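Participant: need a 3D model of the sequence below.
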Amino acid sequence: MPAAADPPTGVLLLQIGTPESPSVGDVRRYLREFLSDPEVLDMAAPARWLLLNTVILPFRPRRTARAYRAIWTEEGSPLTLATRALVAGLQTELGDGFVVRSANSTGHPSIPSTVGELVEAGARSLVVMPLFPQFSRATSGGLTDRARKEAGSRNGDVRINVVSDFPDHPGFIGAVTDVARPLLDRFEPDHVLFSYHGLPTRQIRAADPSGSWCLTSSGCCDSLGDHNRHCYRAQCFATTRALVGSLGLAEGGWSVAFQSRMRSQRWIGPFTEDILAELRASGHRRLAVFTPSFVADCLETLEEIGIRARERWLELGGDDFLLIPSVNAHPIWVRGAAELIREAATEGVSG
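Facilitator: Model (predicted):
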């Protein structure tokens with residue numbers, strides 16, 4: 001009698017998600033669900049309800065729907081398409097011993113339904129991988145908690161291992177470099193900007209176990225160590241240092257900034273919109289922009305930077321502007337992600 005096959009390892013790739021369509025109604029539903037998450041709007045429930053229902057939802061859905069329409073394709077959301085391609089690439093790379101799926105915190109496919117699908121496929125161990133290079137509670141932490149909770153509610157013993165972040169992993173850095181290098185060679189920028197998604201300063205301080213390191217000095221993110229291992233801002237600078245080295249960028253030829261801030265709160269800086277003005281005032285004319293807090297092109301890369309930041313740069317008198325695409329399902333990234341997943345799958349204890 002042949003031996004029973006070993007159960008497969010489930011792989012759960014996690015994203016925030018996207019509206020079902022760029023219609024105002026679908027965008028409103030998406031924003032309501034997404035921004036109701038206490039990890040995203042980390043404030044007292046009554047204050048979150050007031051902000052959401054009296055400030056955000058009456059006005060933002062129409063504006064955000066226009067932004068989504070500007071990047072939507074005939075096949076759907078760019079984020080959805082890129083994630084599907086990554087799932088397919090990883091399934092091929094990892095082989096029959098793994099079952100790869102993706103899920104969203106908001107919208108479809110949902111985390112509960114996808115965990116259920118993996119368990120029904122026979123998986124008794126899951127590798128959970130939020131698709132964000134740098135760790136934050138608002139994204140990676142909250143998504144992982146949801147996956148743990150859902151796996152724990154299932155009958156049987158489902159082990160969870162986690163790829164929590166990969167800010168300077170060679171597979172990620174190598175893929176970004178391979179995407180960017182030929183584009184930079186043709187474009188010949190006179191400056192390179194690394195624009196990361198912003199976070200409220202209180203979330204950065206909350207990640208500091210000592211309470212005395214993060215955001216207390218101008219050099220607090222100059223290195224990554226035990227004191228700031230889970231600091232989102234420090235990991236962004238670690239990504240930048242790795243890319244600067246890999247691309248061979250000259251000192252003074254690059255900057256770091258943070259985008260997508262909410263003006264009603266104090267967010268980490270410097271802000272991308274301010275840096276654009278400063279770079280033009282310094283005489284720069286040809287700007288290339290990376291968005292390495294995302295592995296897949298989405299609203300924040302294609303519309304916020306690729307359309308609005310480009311328009312602002314040209315309004316300021318710049319000559320040209322280049323958005324470096326995300327790694328999406330680039331072969332080097334597929335191999336790098338597979339390496340991270342295999343390493344996590346062999347860990348003997350829950351990640």
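Participant: now the strands for the stretch 1-150 of the chain?
Facilitator: With DSSP state E, counting those that start in this stretch as the criterion, the stretch 1-150 of the chain has strands at 9-17, 98-106, 125-130.
Participant: turn these into CSV, including mean neighbour count.
Facilitator: Any C-beta I mention is one placed from the backbone N, CA and C, and that applies to glycine too. Output for the strands of the stretch 1-150 of the chain, formatted as CSV (neighbours: other C-beta atoms under 10 Å):
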stretch, mean neighbour count
strand 9-17, 25
strand 98-106, 22
strand 125-130, 26
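Participant: could you redo the ones you listed as TSV and give each row mean pLDDT?
Facilitator: Putting the strands of the stretch 1-150 of the chain into TSV (pLDDT from 0 to 100) gives the following:
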stretch	mean pLDDT
strand 9-17	97
strand 98-106	96
strand 125-130	97
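Participant: for residue 69, find the nearest of the ones you listed.
Facilitator: strand 9-17 (17.5 Å; C-beta to C-beta).
Participant: in stretch 17-25, what counts as buried?
Facilitator: 17-22, 24 (16 or more other C-beta atoms under 10 Å).
Participant: equivalent analysis for stretch 201-216, please.
Facilitator: Of the residues in stretch 201-216, those buried (16+ other C-beta under 10 Å) are 201, 203-204, 207-208, 213-214.
Participant: picking that back up, distance to residue 38 added to the strands of the stretch 1-150 of the chain, as a markdown table?
Facilitator: What follows is the strands of the stretch 1-150 of the chain, written out as a markdown table (distance: least, C-beta to C-beta, whole Å):
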| stretch | distance to residue 38 |
| --- | --- |
| strand 9-17 | 15 |
| strand 98-106 | 12 |
| strand 125-130 | 17 |
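Participant: looking at these, which is nearest to residue 271?
Facilitator: The nearest among the strands of the stretch 1-150 of the chain, by C-beta to C-beta, is strand 9-17 at 21.4 Å.
Participant: report the inter-axis angle for that closest one versus strand 98-106.
Facilitator: Orientation check (axes from the mean of the first three to the mean of the last three C-alpha atoms, to 10 degrees): strand 9-17 against strand 98-106 gives 20 degrees.
Participant: name the helix or strand of the protein that has the lowest mean pLDDT.
Facilitator: In the chain, no helix or strand scores lower on mean pLDDT, DSSP states H and E than helix 45-50, which sits at a mean of 84.
Participant: list the buried residues for that one?
Facilitator: For helix 45-50, a neighbour-count test (16+ other C-beta under 10 Å) marks residue 48 as buried.
Participant: ok, residues contacting it?
Facilitator: Contact partners of helix 45-50, identified using C-beta atoms under 8 Å, 6 or more residues apart in numbering, comprise 35-36, 38, 41.
Participant: and if we set it to 10 Å?
Facilitator: Helix 45-50 has contacts (C-beta atoms under 10 Å, 6 or more residues apart in numbering) with 35-38, 40-44, 56.
Participant: neighbour-wise, which of the residues you listed leads?
Facilitator: residue 41 (21 neighbours; other C-beta atoms under 10 Å).
Participant: apart from its neighbours in sequence, what residue is nearest that one?
Facilitator: In space, and not counting its chain neighbours, residue 41 is closest to residue 48: 4.7 Å by C-beta to C-beta, 6 or more residues apart in numbering.
Participant: how far away is the one you found from residue 60?
Facilitator: Separation of residue 48 from residue 60 (C-beta to C-beta, to the nearest Å): 15 Å.
Participant: domains for the chain, by residue range?
Facilitator: Using automatic domain parsing, the domain parsing of the chain gives 9-165+331-345, 170-323.
Participant: residues near residue 338, how many?
Facilitator: The local packing of residue 338 (other C-beta under 10 Å) involves 21 other residues.
Participant: shouldn't it be in contact with residue 90?
Facilitator: Yes: with contacts counted by C-beta atoms under 10 Å, residue 338 reaches residue 90, the gap being 5.9 Å.
Participant: and residue 195, what helix or strand is that in?
Facilitator: In the assignment (DSSP states H and E), residue 195 maps to strand 191-197.
Participant: which elements pack onto that strand?
Facilitator: Applying 3 or more C-beta pairs under 10 Å, 6 or more residues apart in numbering; DSSP states H and E, one finds that strand 191-197 contacts helix 232-247, strand 254-259, helix 272-281, strand 286-290, strand 320-323.
Participant: need the CA coordinates for it. PDB is fine.
Facilitator: Output of strand 191-197 as PDB, limited to C-alpha atoms (Å, rounded to 0.1, in the frame of the first residue of the first chain):
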ATOM      1  CA  HIS A 191      17.800  62.900  -8.900                       C
ATOM      2  CA  VAL A 192      16.100  59.800  -7.500                       C
ATOM      3  CA  LEU A 193      13.300  60.000  -4.900                       C
ATOM      4  CA  PHE A 194      12.300  57.000  -2.700                       C
ATOM      5  CA  SER A 195       8.700  57.700  -1.700                       C
ATOM      6  CA  TYR A 196       7.200  55.500   1.000                       C
ATOM      7  CA  HIS A 197       3.700  55.300   2.400                       C
END
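Participant: thanks again, I'm all set now.
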